[in-house]
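> What follows is a predicted protein model with its sequence.
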Amino acid sequence: MIRKISAFWLERIHPRLAPLIATIGTVGLAICLLIILGLAWLFQEVLEREAFAFDTSWLLWLHQFANPSLDIVMLTITRLGNPEVVVIVVIATLVILWRRYRQEAKIFAIACLGALILNTELKLVFEKIRPQLWTAPISERSYSFPSGHALGSLVLYGFIAYLLATNYSQFSYLIYSLAGILIAAIGLSRLYLGVHWPTDIIAGYGVGFLWLIFCITMLELQKMRRV
């Protein structure tokens, strides 16, 4: 029995998983699987309209630090994930990539378009209402779950960081660190402004990370085939 299972794995499963494992690594694959399991649980809870105690308590704790100066900082940061800024960044990146890196440009466009579709459809599926714990300095009309700013910023700035780190490997640590800080700051700004629950941000990052890894894996596999 063990020999049959082993033979089946080596003949059927492993050859198909080998390119994926070679691209993102065993640790990366394990992280993706853990995120999928976590999102599955979170999605189920949200669909059942379960309340998360830490959602409210964490927002109220964060709100105690609010002040006019910090409001300006957080409003500036959150604009980096707003549609008008994102569209400019996407178009500028596509123009730059199209000259020399058309394969990267195509996958980048797919990544951005896919992030938009995922965010729109998931919001319509869950129909979660935004927090109303205090009067927010900005107005949002769409549903809350997941956070489009968290999902979109991770895909957009994460993909740009990957492209930069690939071409400037000597600065890869700095590039990924700066991108991580920016993405985290955008998520924090949404919480500070009171327009998202913490679970919205967590879900946005989770979905965004999985989609980003999928798109990068597609790009890497295409590069492997080309070589």
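Perfect, I can see it now.
> C-alpha from now on. contacts and neighbour counts both.
OK.
> Tell me, please, the helix or strand in the protein that averages the lowest pLDDT.
Least confident helix or strand, the chain: helix 2-8 with a mean of 52, by mean pLDDT, DSSP states H and E.
> List the contacts of the residue nearest the centre of the chain.
Residue closest to the average C-alpha location in the chain (C-alpha atoms, centre = their mean): G208, at 2.3 Å. Shown in contact with G208 (C-alpha atoms under 8 Å, 6 or more residues apart in numbering): A115, A150, L151, G152, L154, V155.
> List the buried residues for the host helix or strand of the third one?
For L151, the host element (DSSP states H and E) is helix 148-167. When neighbours are counted by 16 or more other C-alpha atoms under 10 Å, the buried residues of helix 148-167 are found to be 148-163, 165.
> so how far is A185 from G81?
Between G81 and A185 the computed distance is 10 Å (C-alpha to C-alpha, to the nearest Å).
> With Y168 instead?
Plainly put, Y168 is 24 Å away from A185 if you go by C-alpha to C-alpha.
> Between those two, point out the one with more neighbours.
A185 (17 against 11; other C-alpha atoms under 10 Å).
> The closest residue in space to that one that isn't next to it in sequence: what's it in contact with?
Residue nearest to A185 in three dimensions, not counting chain neighbours: I77, with 6.9 Å by C-alpha to C-alpha, 6 or more residues apart in numbering. By C-alpha under 8 Å, 6+ apart, the contact list for I77 reads A185, I186, S189.
> Which secondary structure element is home to the first one?
This points to A185. Going by DSSP H and E, A185 is part of helix 172-192.
> list the buried ones in the helix or strand just after that helix?
For helix 172-192, the following helix or strand on the C-terminal side (DSSP H and E) is helix 198-226. For helix 198-226, burial by neighbour count (16+ other C-alpha under 10 Å) applies to 198-217, 219-221.
> what does stretch 106-119 give?
I107, F108, A109, A111, C112, G114, A115, L118, N119.
> for stretch 59-76, same thing?
Residues of stretch 59-76 classed as buried by neighbour count (16+ other C-alpha under 10 Å): L59, L60, H63, D71, M74, L75.
> What is the end-to-end distance of it?
Start-to-end, stretch 59-76 (C-alpha to C-alpha) is 19 Å.
> Okay, now the unreliable bits of this protein?
Within the chain, the set of residues satisfying pLDDT under 70 comprises 1-26, 225-227.
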